[in-house]
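Colleague: sequence below, structure please.
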Amino acid sequence: MLRDELPEIVTEKVPGPKATALLEKRDASLPKALCGYTYPICIKRGEGAMLEDVDGNKFIDFIGGVGVLNIGYSRPEVVEAVKEQAEKYFHCIFNVVAHEGYIDLAAKFDELMPCRGDKKKTFFANSGAEADENAIKVAKAYTGRQSVICFSGAFHGRTNLTMALTAKKAYALGMGPFPAGIYRAEFPYLYRAPKGYSEEEAIQYYIDKLNRLFDEAAPASDVAAILVEPIQGEGGFVPAPIEWVKAVRKICDDNGILLIADEVQCGNCRSGRYFASEYWKEAGAAPDIIATAKSMGGGVPISAITARAEIMDAVPAGTIGGTYCGNPLACASALKVMEIMKAEDYAGKARTIGEKVTKRYNELKEKYEEIGDVRGLGSMIGVEFVKTKEGKEPYPEFVSTMIQIALQKGLMMENAGTYGNVIRFLAPLCITDEQLEKGLEIFEEAVVEAEKILSK
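Modeller: Have a look, this model is predicted:
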């Protein structure tokens, strides 16, 4: 079965002839903005952590749908759950007709989410951007305030509001004007903290910069929420240090601000816990609201927003919900994904995989000058490439070269980071030991070959 196989490239190069023809058809039918050639792959089928393209080439997937496939491609039990629901009904708009799947799934999230409060409530949307936007709606409704603080390196989506929240404006080029009341502070990117600072000094430096924002840009009394990714995704897989989170939690408490955790990418077992906010909760700094999406549906579009009941019940009728929100097929998939992830300890799988990958990446860091930093939580790991360890100058050309080398060997990888100089590890958590080992072998081969190419 494909789910147990290793990579194999059967065409002379990637893309093969069938994929080339399909991509030409794509280019004629779709907007240019959706027609990149970084990954000239056209999928035929996927199982586990493996993907087969239309030409029969087989790839190990270290991208996992950018965090959507923690449970892997085509998990049979999830497929059956969706089929069973499809035989009953595809759709009903929950604002009009309630259905059991939505209610059952919300109850399970109420129990599971590590946000503040004994009694919690949950509702659903369709994407990570919608989850973040709805979390902010909830915060504004509860606090009666209008401003939101986000951070450098953040990615929160491509709706008008979430483009404003997203730091990298390549994702929002020409799309303004954006909503008012969005203020950006500096995220604690410890690898790139001021030179000579200890970790403690660096954290205080970033907290001081956040506090300065209240004096210079957004009075604390006007701020509804502070929005944080526990591990930045597009920003380069940068974890928020726990001591910094604790300080932010205190700032929120002192000023009546709600703390929102954006767990769109890092949630659903990726971090080594079901939700990364569990680490915050253990430190006494649980968020008020959690937004998640991506892997919760196993590939079917669905997202969740959870907060304590008093916060949720402050939302005016009519301001949340939507035609497809909490679609029955998506709820059926999400219920089965949660059942499997709990029964098979997917959070534990993430810790085990993460330990192996981090160990190997750190060994490579000692061997190769271009690897400047290895970081992450659980099985969400970033490797930052630089021209020299001392200078830390970003080396995006090295990363882009590596990605193309690995692709021709049957490994799919993706970049991240403000400078595009980070390779992110997001392999499905069902990856076999043999597939993981082979992927790591190809990763090192790509480092070696990229060195040779770029040193000419």
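Colleague: every contact and neighbour count from this point should use C-alpha atoms.
Modeller: OK.
Colleague: so which elements touch the helix or strand in which residue 245 is found?
Modeller: Residue 245 is part of helix 242-255, with elements assigned from DSSP states H and E. If you count contacts as 3 or more C-alpha pairs under 8 Å, 6 or more residues apart in numbering; DSSP states H and E, helix 242-255 packs onto helix 199-216, strand 258-263, helix 277-282.
Colleague: contact partners for residue 201?
Modeller: With C-alpha atoms under 8 Å, 6 or more residues apart in numbering as the criterion, no residue contacts residue 201.
Colleague: which residue packs closest to residue 125, ignoring adjacent ones?
Modeller: Spatial nearest neighbour of residue 125, excluding adjacent residues (C-alpha to C-alpha, 6 or more residues apart in numbering): residue 325 at 4.4 Å.
Colleague: ok, residue 244 next?
Modeller: Nearest residue to residue 244, sequence neighbours excluded (C-alpha to C-alpha, 6+ apart): residue 203, at 5.9 Å.
Colleague: shouldn't the one you found be in contact with residue 242?
Modeller: No. In this structure, residue 203 is not within contact of residue 242 by C-alpha atoms under 8 Å, at 9.7 Å.
Colleague: more crowded one of these two?
Modeller: Higher neighbour count among residue 203 and residue 242: residue 203, with 24 against 17, using other C-alpha atoms under 10 Å.
Colleague: tell me the pLDDT of the more buried one.
Modeller: Per-residue pLDDT puts residue 203 at 98.
Colleague: next: the one 10 residues further on.
Modeller: pLDDT, the model's per-residue confidence, is 96 for residue 213.
Colleague: start at 35 instead
Modeller: Understood, numbering begins at 35; the last thing we discussed is residue 247.
Colleague: hang on, it packs against residue 219?
Modeller: Yes. Applying C-alpha under 8 Å as the test, residue 247 and residue 219 come out as touching, 7.0 Å apart.
Colleague: so residue 332 makes contact with residue 367?
Modeller: Yes. Applying C-alpha under 8 Å, one finds residue 332 in contact with residue 367, separated by 6.7 Å.
Colleague: overlap in contacts of those two?
Modeller: Joint contacts of residue 332 and residue 367 (C-alpha under 8 Å, 6+ apart) are residue 112.
Colleague: now residue 200: closest residue in space, sequence neighbours ignored.
Modeller: Closest residue to residue 200 apart from its sequence neighbours, by C-alpha to C-alpha, 6+ apart: residue 189 at 4.4 Å.
Colleague: residues in contact with the one you found?
Modeller: By C-alpha under 8 Å, 6+ apart, the contact set of residue 189 is 196, 199, 200, 201, 202, 266, 267, 268, 269.
Colleague: mind putting those in CSV, distance to residue 446, secondary structure and neighbour count included?
Modeller: Listed next are these as CSV, based on distance: C-alpha to C-alpha, whole Å; DSSP: H, G, I helix; E, B strand; the rest coil; neighbours: other C-alpha atoms under 10 Å:
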residue, distance to residue 446, secondary structure, neighbour count
196, 28, helix, 23
199, 29, helix, 28
200, 25, coil, 24
201, 26, coil, 21
202, 24, coil, 19
266, 21, coil, 28
267, 17, coil, 26
268, 17, coil, 23
269, 20, coil, 25
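Colleague: between these, which sits nearest residue 339?
Modeller: Distance ranking of the contacts of residue 189 against residue 339, using C-alpha to C-alpha, places residue 196 first at 15.3 Å.
Colleague: now do the contacts for that closest one.
Modeller: Counting by C-alpha under 8 Å, 6+ apart, residue 196 touches 163, 166, 167, 189, 190.
Colleague: give me the three-state assignment for the last one.
Modeller: On the three-state scheme (DSSP: H, G, I helix; E, B strand; the rest coil), residue 190 is labelled coil.
Colleague: thought it was touching residue 197?
Modeller: Yes. Assessed by C-alpha under 8 Å, residue 190 is found in contact with residue 197 at 7.1 Å.
Colleague: with neighbour numbers in mind, choose between those two.
Modeller: More crowded of residue 190 and residue 197, by other C-alpha under 10 Å: residue 190, with 28 against 23.
Colleague: CA atoms only: put whatever helix or strand residue 372 lives in into PDB for me.
Modeller: Here residue 372 sits within helix 362-377, counting by DSSP H and E. This file holds the C-alpha atoms of helix 362-377, laid out as PDB (Å, rounded to 0.1, in the frame of the first residue of the first chain):
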ATOM      1  CA  PRO A 362     -22.400  18.100   8.500                       C
ATOM      2  CA  LEU A 363     -19.700  16.400   6.400                       C
ATOM      3  CA  ALA A 364     -17.000  18.400   8.000                       C
ATOM      4  CA  CYS A 365     -18.300  17.800  11.500                       C
ATOM      5  CA  ALA A 366     -18.400  14.000  10.800                       C
ATOM      6  CA  SER A 367     -14.800  14.100   9.700                       C
ATOM      7  CA  ALA A 368     -13.700  16.200  12.700                       C
ATOM      8  CA  LEU A 369     -15.400  13.900  15.200                       C
ATOM      9  CA  LYS A 370     -13.600  10.900  13.800                       C
ATOM     10  CA  VAL A 371     -10.300  12.700  13.600                       C
ATOM     11  CA  MET A 372     -10.500  13.600  17.200                       C
ATOM     12  CA  GLU A 373     -11.500  10.100  18.200                       C
ATOM     13  CA  ILE A 374      -8.500   8.600  16.400                       C
ATOM     14  CA  MET A 375      -6.000  11.300  17.700                       C
ATOM     15  CA  LYS A 376      -7.000  10.600  21.300                       C
ATOM     16  CA  ALA A 377      -7.100   6.800  21.000                       C
END
